[in-house]
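A.B. asks: return atomic coordinates for the entry below.
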Amino acid sequence: MDSTTSLLTRITQTPGQCGGRPCIRGMRIRVSDILEMLAENVSMSEILEDFPDLEMADIQACLIFAARRTEFPRLTA
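C.D. replies: Sure thing, here's the model as predicted:
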């Protein structure tokens, strides 16, 4: 298992928890919440302070998860 695949195991989806949205390690911290904070220029260290159960690898997993969701097949003419 490569490091990217290993990081992605931190992202979980459980029916009935947070509306089935992707969360971090089964906690009620949604991937979208972390991504929105990063987009609003909240630093990773601030996020880790605000959510003491989170680890830096959790934030990295959110970013990889989002990047994978934006991969689209390339169209050629």
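
A.B. asks: tally of neighbours for the residue nearest to residue 37 when sequence neighbours are not counted?
C.D. replies: Leaving aside its sequence neighbours, residue 37 sits nearest to residue 47 (CB to CB, 6 or more residues apart in numbering; 5.6 Å). The C-beta positions use only the backbone N, C-alpha and C, and glycine is treated the same way. Residues near residue 47, counting by other CB atoms under 10 Å, number 19.

A.B. asks: helix or strand: which one has residue 47?
C.D. replies: Following DSSP states H and E, one finds residue 47 within helix 44-50.

A.B. asks: would you put the C-alpha positions of that helix in PDB?
C.D. replies: Written as PDB, here are the backbone C-alpha positions of helix 44-50 (Å, rounded to 0.1, in the frame of the first residue of the first chain):
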ATOM      1  CA  MET A  44      -3.200  23.800   9.300                       C
ATOM      2  CA  SER A  45      -1.800  24.500  12.700                       C
ATOM      3  CA  GLU A  46      -5.000  26.400  13.700                       C
ATOM      4  CA  ILE A  47      -7.200  23.600  12.500                       C
ATOM      5  CA  LEU A  48      -5.100  21.100  14.500                       C
ATOM      6  CA  GLU A  49      -5.500  23.400  17.600                       C
ATOM      7  CA  ASP A  50      -9.200  23.600  17.100                       C
END
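
A.B. asks: now do it: distance to the chain's middle.
C.D. replies: Centroid displacement of helix 44-50 relative to its chain, using CA atoms, centre = their mean, to the nearest Å, is 14 Å.

A.B. asks: counting contacts, what elements does that helix pack onto?
C.D. replies: helix 31-39, helix 56-69 (3 or more CB pairs under 8 Å, 6 or more residues apart in numbering; DSSP states H and E).
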